[in-house]
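S.K.: Make a model of this:
(2 chains)
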Protein chains: 2
Amino acid sequence: MTARDFRGINPATGDALEPPYPVTDAATLEATVQSAASAADAYARTSGARRAEFLTAAAANLEALGEDIVARAMLETALPEARLRGELARTSNQLRLFAHVAQEGSWVEARLDRPDAARMPPKPDLRSMRVPLGPVVVFGASNFPLAFSVAGGDTTSALAAGCPVIVKAHPAHPGTSELAARAISEAARTSGLPEGVFGIVYDDGYGAGLTLTRHPLVQAVAFTGSRAGGLALLQAAQARPVPIPVYAEMSSVNPVVFTVAGLAQGGDALATALAASISGSGGQLCTQPGLLFVPEGETGDAFLQATATQLDQTPACTLLTRGINTAFNQGTVRLRVHPGVTAITAVPSTDTGAQAQLYSVPARDFTPDLEAEVFGPVSLAVRYDDIGEVATLVRGLEGQLTATLHADPEELSRLGDLLAALQNRAGRVLFGGFPTGVEVGHAVVHGGPFPATSIGSGTSVGTHAITRFTRLLAYQNFPDAALPPALQAANPLNLLRRVDGDWSREPV
Amino acid sequence: MTARDFRGINPATGDALEPPYPVTDAATLEATVQSAASAADAYARTSGARRAEFLTAAAANLEALGEDIVARAMLETALPEARLRGELARTSNQLRLFAHVAQEGSWVEARLDRPDAARMPPKPDLRSMRVPLGPVVVFGASNFPLAFSVAGGDTTSALAAGCPVIVKAHPAHPGTSELAARAISEAARTSGLPEGVFGIVYDDGYGAGLTLTRHPLVQAVAFTGSRAGGLALLQAAQARPVPIPVYAEMSSVNPVVFTVAGLAQGGDALATALAASISGSGGQLCTQPGLLFVPEGETGDAFLQATATQLDQTPACTLLTRGINTAFNQGTVRLRVHPGVTAITAVPSTDTGAQAQLYSVPARDFTPDLEAEVFGPVSLAVRYDDIGEVATLVRGLEGQLTATLHADPEELSRLGDLLAALQNRAGRVLFGGFPTGVEVGHAVVHGGPFPATSIGSGTSVGTHAITRFTRLLAYQNFPDAALPPALQAANPLNLLRRVDGDWSREPV
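M.R.: I've put the predicted structure just below:
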């Protein structure tokens, strides 16, 4: 295998950026996996306090890189400085949030069922908790060079769970990736953790990612990207002699339903807010509202016209990569020529700049192919006659990350069927507002029924994300000293545990 | 499609049992799924108290069938009366345990992150909980005609979660299945639940099960049985346009490691207990100890000889089906002719009775094919020279439901590598004792790395099993009245919730 280099591309100019990054060769890749596997047992045994120290150090290192990493990410992604500064803060805050989760420790869901020797048959002493799976492969995402790439949510939650992480850097931002990787590796070193706790590989093709996904020592994969990419990894993981979970976040058009009363309540500000949600970050957000349900008639017409005017006034933006720009242009052309679809915005895109666009289609002409995500600043409004038909349309949609309803609270009692449909199709339902801007916290769910995500039961954002990289393990009649601290009789970590089913911090 | 009947077979006599059971025809099967799907939303909205009432009624109905169902199960399975009485008690207790779980309600993992309008950008009001997936298909298991079939753990946990259940009855015990189904259907009726909450289909072939697994309205599958069966369902579920989870419990040989000191501690009682664990229920238990690691030398020899003597004195037993009996005979023949393998027990099996058997093989002759489960009363002892080599052998094993260590607690500090290997390969690790006899409680884990189970992160026994049939759903800025009670501000269910990450029962 001959060594090969690739460079990041400045999407604004098309210029190749220095320095070149070597595609990770097979031997280095193998050594990276072996190193992660060697570190797995020792890292699984580290205390939550130790992992918290590590993640906190990584957050500090990342912030210390502030100017450099923002500048490099701007070059590689064409995302605006303010957005990237915000993303950097989100990323380091995310590391600190998971440091808190690791330190606090109750994510292991400790349970103790006390023995009863007198019962026939004797009841054993059973204790269970979540334990880490082992080495996890994380794929960097094109649209979040910081918050969902090298040091992003997948990496952070896997590290907090006690899993070594190997990142496959996204080829569109190798320089940003290298800087973030340095922040984590350095934190691992200063925290005295084994080297294999974190590794990174580079490839501008599919080879390294597939090799990692198929590697017998890899225990789970996390991916954010295209549906084709996610499905390819899913297939590779399922074809293994020992299949592993692939947490792929793939595509979503995030339906937003407006009732007549909802439009009336929203007033002029609603169109401005919708236009911002459609076009913010060049529309390159997994929660971008790509599908709207808007009533036929004057109120709906005026609302869409106001939104289109805002979008026409929004400057064209440079998308993340040339490939994304091409796909956006193809997707919007498909809309323009689709039977029944009308353009509401007036300004066309150019080869290098994506202009935000809005289309509409009568509900009777809405066909399943119109549900396909067009990644970028575009949205399609489905015009309906009667709100009663929207529930059926929503139930016919694929699984979504989010679903939003703009209505008058007073009319909710009459919209039970629609509310049920929205809850059925999404991982997060919103009343009012727009789905972009995902809050990183404890209650957020960023996941949803297939194909929004490949495993629709969980979340890739927020503290619940940690459970993806764990499994339950029970200990029966174990000597106390051989148990993990979370399960020891004295409860040395002061966890809230379920003891015979009841919540308790007491020793047993 | 012509109507077709099948009958249960008395495995002790080979006689077909009356009455005949019609294979469920395509139209009835479709109607059953449609009925379950129609019931899904209404059932998902029922309170925990309502589901508890339903499950408690089902438990009472099942107990009221006591004599009849035990007698029928004896005819169809040849399992002894005492075992089936115990299993019936376990099954109704399991229904009551999940009634308690549903009523108590904290399984939904309610989380509330409070809003902050002053923050920039404003922080939304986010609340999340687990919600049911929708219709679940449960396959009855041959070896637990009550506790893991129609009214067993999978059905009970899915119903407690709020999912309608369609059972594919195991063809070896249609009569037992029909009685148990009647108990549940009757309970649904008296609890005023929609008819589709529970359904059952019959087939002595694979058609109905595959049709159900492929049906677009089915959202999850639970299966306990052979590896071939589980993998076929997994493949069918993954090939769907919208894949669904298959929780298949497939095979496990449940390694038990004895150190020299562990054997010394156990004394004479140890061989008796091991023999009982190998041969109890005809060895037809998923946690049957099929693989032993025993030290070379006199102590190990004596222990195995004592165990073999016990097994030779254990009467031959009738296995569950003729097919299982044939597979057992083939599997034990494969052991007898395998290079390096020696029989320790003396008494051979017959065509109709399975005699418990014990074999041994030196560690150096232990090959991966010897790891295959032989379902029935047989175990293979791997003789090792040095306990240090056992960790490596254990790490080379496939995933297991359980792994057991018999050692002196004093030596555990020197056995760190072995302990880590056992924890790595299993969902439940035992110190002393034997893995058969799975306790149904809060802390138990009956699951394990592939291929012990297809999704190795959870459990099919105990209260944690409920989460398999759920997904996370978040509500953003929802009016309080439109939220499920578990997430309402006043906390009307008095749940322990995470509010901004902290545990609390307070209103917000």
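
S.K.: Could you list the residues of the stretch 301-450 of chain A in contact with chain B?
M.R.: With Cβ under 8 Å from any Cβ of the partner chain as the criterion, the stretch 301-450 of chain A comes near chain B at residues A:398-399, A:409, A:412, A:419-420, A:423-424, A:426-433, A:437, A:439, A:441-445, A:447, A:449-450. Backbone N, C-alpha and C define where each C-beta goes, glycine included.

S.K.: now the top helix by length along chain A, how far from the centre of its chain.
M.R.: Longest helix of chain A, by residue count under DSSP state H: helix A:81-104. Here helix A:81-104 is found 14 Å from its chain centre; the criterion is Cα atoms, centre = their mean, to the nearest Å.

S.K.: next helix or strand past that helix?
M.R.: Where DSSP states H and E defines the elements, the next helix or strand beyond helix A:81-104 is strand A:111-113.

S.K.: Can you name the next helix or strand after that next one?
M.R.: Proceeding C-terminally, strand A:111-113 gives way to strand A:126-132 as the next helix or strand, assigned by DSSP H and E.

S.K.: What pairs with that following strand, parallel or antiparallel?
M.R.: Strands that pair with strand A:126-132, judged by DSSP bridges, come out as strand A:111-113 (antiparallel), strand A:470-476 (antiparallel).

S.K.: shaky segments in chain A?
M.R.: Scanning chain A for pLDDT under 70 picks out the ranges A:1-2, A:351-352.

S.K.: Remind me what the helix or strand encompassing A:D154 packs against, helices and strands.
M.R.: Here A:D154, judged by DSSP H and E, is contained in helix A:153-161. In terms of contacts (3 or more Cβ pairs under 8 Å, 6 or more residues apart in numbering or on different chains; DSSP states H and E), helix A:153-161 is packed against helix A:48-64, helix A:81-104, strand A:136-139, strand A:165-168, strand A:220-224.

S.K.: Taking strand A:126-132 as reference, get the angle to that helix.
M.R.: On the basis of axes from the mean of the first three to the mean of the last three Cα atoms, to 10 degrees, helix A:153-161 is oriented at 140 degrees to strand A:126-132.

S.K.: distance between helix A:153-161 and the chain's centre?
M.R.: Remark: helix A:153-161 is offset 12 Å from the chain centroid, using Cα atoms, centre = their mean.

S.K.: near chain B, which residues of the stretch 51-200 of chain A?
M.R.: Residues of the stretch 51-200 of chain A lying close to chain B by Cβ under 8 Å from any Cβ are A:100, A:104, A:106, A:111-113, A:121, A:123-124, A:126-128, A:131, A:133-134.

S.K.: Just flag the most distant two among those residues.
M.R.: With distance counted by Cβ to Cβ, no two of those lie farther apart than A:H100 and A:P121, which are 42.7 Å apart.

S.K.: ok, the two, which is more surrounded?
M.R.: Ranked by neighbour count (other Cβ atoms under 10 Å in any protein chain shown), A:H100 and A:P121 place A:H100 first, with 16 against 9.

S.K.: Show the contacting residues for the closest residue to that one other than its chain neighbours.
M.R.: Spatial nearest neighbour of A:H100, excluding adjacent residues (Cβ to Cβ, 6 or more residues apart in numbering or on different chains): A:A52 at 7.1 Å. By Cβ atoms under 8 Å, 6 or more residues apart in numbering or on different chains, the contact set of A:A52 is A:99-100, A:102-103.

S.K.: which pair in those residues spans the largest distance?
M.R.: A:H100 and A:A102 (7.4 Å).

S.K.: Distance to A:P348 added to the helices and strands packed on helix A:153-161, as TSV?
M.R.: Output for the helices and strands packed on helix A:153-161, formatted as TSV (distance: least, Cβ to Cβ, whole Å):
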stretch	distance to A:P348
helix A:48-64	40
helix A:81-104	25
strand A:136-139	33
strand A:165-168	36
strand A:220-224	30
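
S.K.: so how far is stretch A:151-162 from its chain's centroid?
M.R.: Stretch A:151-162 sits 12 Å away from the centroid of its parent chain (Cα atoms, centre = their mean).

S.K.: for the contacts of A:A52, which one is nearest chain B?
M.R.: When these are ranked by distance to chain B (Cβ to the nearest Cβ), A:H100 comes first, at 7.7 Å.

S.K.: Distance check, the closest one against B:K168.
M.R.: Counting by Cβ to Cβ, to the nearest Å, the gap from A:H100 to B:K168 is 46 Å.

S.K.: repeat for A:F148
M.R.: Per Cβ to Cβ, A:F148 is found 41 Å from B:K168.

S.K.: Look at those two and report which has more neighbours.
M.R.: Taking A:F148 and B:K168 together and counting by other Cβ under 10 Å, A:F148 has the greater number of neighbours (30 against 27).
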